[in-house]
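[1] predicted model and sequence below, questions to follow.
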Protein chains: 2
Amino acid sequence: MRVDIWTDINCPFCYIGKARFEQALEGFPHASDVEIVHRSFELDPTSKPGSSAPVVPMLAKKYGISEAQAAANERGLGAQAQELGLAYQVEGRDAGNSFDMHRLLHWALDLGRQEALLDALYRANFAESEPAFGSRDRLVEIAESAGFDGAAARAVLEDETAYADAVRADEEAASRIGIGGVPFFVFDGKYAVSGAQPPAVFTDALDKVWGDRPEPLTVIGGDDDAACGPDGCELPQRG
Amino acid sequence: MRVDIWTDINCPFCYIGKARFEQALEGFPHASDVEIVHRSFELDPTSKPGSSAPVVPMLAKKYGISEAQAAANERGLGAQAQELGLAYQVEGRDAGNSFDMHRLLHWALDLGRQEALLDALYRANFAESEPAFGSRDRLVEIAESAGFDGAAARAVLEDETAYADAVRADEEAASRIGIGGVPFFVFDGKYAVSGAQPPAVFTDALDKVWGDRPEPLTVIGGDDDAACGPDGCELPQRG
């Protein structure tokens, strides 16, 4: 079973939703058969690369609310995070362009350690006072904190083309599916859960997909085949 | 629709099977909706990296047949290839370790141009007199012939870890599925075609999978969601 999760580091409900999904997964008897792939989604792809700005005034300005209201929203999100045991700095997190982070997450996926990097990025943004955005040095430091080789992470960051197409491909897939907000969970390409839903909703999705899991492959054309194996190339046995 | 094709550059039926599959695809009305991913399979993972050896004496020794019989088998394969319009040097192709080639194919997949590299590797092995195996310089040259940046290809080749896990993951997936020989085609994870079957068999598989293609996503848990979108983070509207 495979779960694709579209996510952005700027998204508090992605941080919260991941923990709720993991609660459901912990109670799921077939958790070890679940492959999870985190897919790229930028909440604000137009934000300037290399910059970082405090989130409260940014949100107040963007949505035409008072800074007090924006700060109260942050406190509400913080309370939801803390209920799940997630650290959340209710004052002072930044927002910024996440394209580089998504490139790094694709690199980490290739290395088979995407989850560790995503957790470190969330922690840096939502739980640590130093801004997570705006500096490649900071991203290298975050990658190192998650056990990655810093020089390799830097090489990916400094090659602007590295994994850029992979990020865009995820965003195009999101657009094809019609994803308007994140987190967005797709289970085996069949079921979707939108948002940081309660763990019971994820449990329901996991159970449904497990019940629907595909039959073994149906072979078409027989296995009397023209194929090469460790014992050589077998010509079809006709007649 | 997605087709995963396990393949090895050492495998003449993979070269032939690819052309037969493409014949079927040409006549398939939904060809533009078919995503093709070539997956790694090493016919002889124990062969020494960096070496290349003429295939006829190697096959004769490995399978305990005479060199004349091995050469006749090659001529038989060549005739099948030529029927499809594929060049095939019936004397003189080499065999060798393909791990580096598979790493490069994963790199090309990330660049969205895997097919071009695979065709160039097949051509080098089956249609050109210079050995395709045994030299990274030669692989760089082959990549360049397919329009890739030679320096970038060399950087992948010289970093032994680059895409190595991706190759191994493909081989583990092959083993899980129970693939004993290549080419092996999997259609949307549901149907399989083993070997270089006639185009009609691939047409049958394409038609079946198209008929079975998934319904739109079923949303679980409603869309009254705690999610972040371009317009901010929406708290669920309860009651």
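    Happy to help now that I have it.
[2] A:Y88 contacts A:F126, doesn't it?
    Yes: applying C-beta atoms under 8 Å, one finds A:Y88 in contact with A:F126, separated by 5.3 Å. No exception for glycine: its C-beta is placed from N, CA and C like everyone else's.
[3] what is in contact with the two at once?
    Residues touching both A:Y88 and A:F126 by C-beta atoms under 8 Å, 6 or more residues apart in numbering or on different chains: A:P12, A:Y15, A:A81.
[4] so which of those also contact chain B?
    A:P12 (C-beta under 8 Å from any C-beta of the partner chain).
[5] by neighbours, which of the shared contacts of A:Y88 and A:F126 wins?
    Compared across the shared contacts of A:Y88 and A:F126, A:Y15 has the highest neighbour count, 29 neighbours, by other C-beta atoms under 10 Å in any protein chain shown.
[6] ok, and the closest non-adjacent residue to it?
    Spatial nearest neighbour of A:Y15, chain neighbours left out: A:Y122 (4.8 Å); criterion: C-beta to C-beta, 6 or more residues apart in numbering or on different chains.
[7] got the contact list for A:N97?
    Counted by C-beta under 8 Å, 6+ apart, A:N97 has contacts A:E42, A:D44, A:P45, A:S47, A:K48, A:P49, A:G50, A:S51, A:F133.
[8] what's the closest of these to chain B?
    For those, the residue nearest chain B by C-beta to the nearest C-beta is A:D44; the value is 7.1 Å.
[9] how far away is that closest one from A:Q69?
    19 Å (C-beta to C-beta, to the nearest Å).
[10] ditto for A:Q80
    17 Å.
[11] A:D4 against A:V182, yeah?
    No: counting by C-beta under 8 Å, A:D4 stays clear of A:V182, with 11.6 Å between them.
[12] higher neighbour count, these two?
    A:V182 (29 against 21).
[13] surely that one touches A:F13?
    Yes: with contact defined as C-beta under 8 Å, A:V182 reaches A:F13; the gap is 7.4 Å.
[14] mutual contacts of the two, please.
    B:A227, B:C228.
[15] which strands and helices sit next to the helix or strand hosting the residue nearest to A:Y15?
    Applying DSSP states H and E as the criterion places A:Y122 in helix A:114-127. Packing partners of helix A:114-127 (3 or more C-beta pairs under 8 Å, 6 or more residues apart in numbering or on different chains; DSSP states H and E): helix A:12-26, strand A:35-40, helix A:99-110, helix A:136-145.
[16] pLDDT wise, what is the residue nearest the centre of chain A at?
    Geometric centre of chain A, nearest residue: A:H38, 3.1 Å, by C-alpha atoms, centre = their mean. On pLDDT, A:H38 comes in at 97.
[17] hmm, A:A108 and it touching each other?
    No: the criterion here is C-beta under 8 Å, and A:H38 misses it with A:A108 at 9.0 Å.
[18] okay, and the common contacts of the two?
    In contact with both A:H38 and A:A108: A:Q114, A:L118, using C-beta under 8 Å, 6+ apart.
[19] list the residues that contact A:G150.
    A:V140, A:E141, A:A143, A:E144.
[20] meant to ask about A:W107
    So A:W107 contacts A:A152, A:A153, A:V156, A:A162, A:Y163 (C-beta under 8 Å, 6+ apart).
[21] burial of the third one, as a residue count?
    The one in question is A:V156. Applying other C-beta under 10 Å, I find that A:V156 has 22 neighbouring residues.
[22] over to the second one?
    When neighbours are defined as other C-beta under 10 Å, A:A153 has 22 of them.
[23] so what pLDDT did it get?
    So A:A153 comes in at 98 (pLDDT).
[24] where exactly do the helices run in chain A?
    For chain A, the helices defined by DSSP state H occupy A:12-26, A:55-63, A:67-83, A:99-110, A:114-127, A:136-145, A:150-158, A:164-177, A:199-211.
[25] with distance to B:V193 added, can I get these in a markdown table?
    Converted to a markdown table, those look like this (distance: least, C-beta to C-beta, whole Å):
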| stretch | distance to B:V193 |
| --- | --- |
| helix A:12-26 | 34 |
| helix A:55-63 | 52 |
| helix A:67-83 | 49 |
| helix A:99-110 | 28 |
| helix A:114-127 | 32 |
| helix A:136-145 | 42 |
| helix A:150-158 | 37 |
| helix A:164-177 | 26 |
| helix A:199-211 | 26 |
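[26] ranked by average pLDDT, which of those helices falls at the bottom?
    Taking the mean pLDDT of these, helix A:55-63 comes last: a mean of 88.
[27] got the CA positions of that one in CSV?
    Extracted C-alpha coordinates of helix A:55-63, given in CSV (Å, rounded to 0.1, in the frame of the first residue of the first chain):
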residue,chain,number,x,y,z
VAL,A,55,4.7,34.9,9.8
VAL,A,56,2.3,36.9,12.0
PRO,A,57,2.6,40.3,10.2
MET,A,58,2.8,38.5,6.8
LEU,A,59,-0.5,36.7,7.5
ALA,A,60,-2.2,39.8,8.8
LYS,A,61,-1.2,41.7,5.7
LYS,A,62,-2.0,38.9,3.3
TYR,A,63,-5.5,38.1,4.7
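[28] now do the contacts for A:F41.
    Applying C-beta under 8 Å, 6+ apart, the residues contacting A:F41 are A:W6, A:T7, A:D8, A:C11, A:D170, A:E171, A:A174, A:I179, A:V182, A:F184.
[29] and the first one, how far is that from B:E144?
    Taken as C-beta to C-beta, the spacing of A:W6 relative to B:E144 amounts to 36 Å.
[30] those two: which has the busier surroundings?
    Taking neighbours as other C-beta under 10 Å, A:W6 and B:E144 compare with A:W6 leading, 24 against 15.
[31] surely the more buried one meets A:A174?
    Yes: the pair A:W6 / A:A174 is scored as a contact, 5.2 Å apart, by C-beta under 8 Å.
[32] shared neighbours, these two?
    Contacts common to A:W6 and A:A174, judged by C-beta under 8 Å, 6+ apart, are A:R39, A:F41, A:F184.
[33] how about CSV for those residues, with distance to B:R113 added?
    Output for those, formatted as CSV (distance: C-beta to C-beta, whole Å):
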residue, distance to B:R113
A:R39, 21
A:F41, 25
A:F184, 29
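[34] identify, from those, the entry nearest to B:G189.
    A:R39 (18.3 Å; C-beta to C-beta).
[35] count of neighbours near the closest one?
    Using other C-beta under 10 Å, A:R39 is surrounded by 23 other residues.
[36] ok, now the one 10 residues further on?
    Counted with other C-beta under 10 Å, the burial measure for A:P49 works out to 13 neighbours.
[37] how near is it to A:L157?
    For A:P49, the distance to A:L157 - C-beta to C-beta - is 11 Å.
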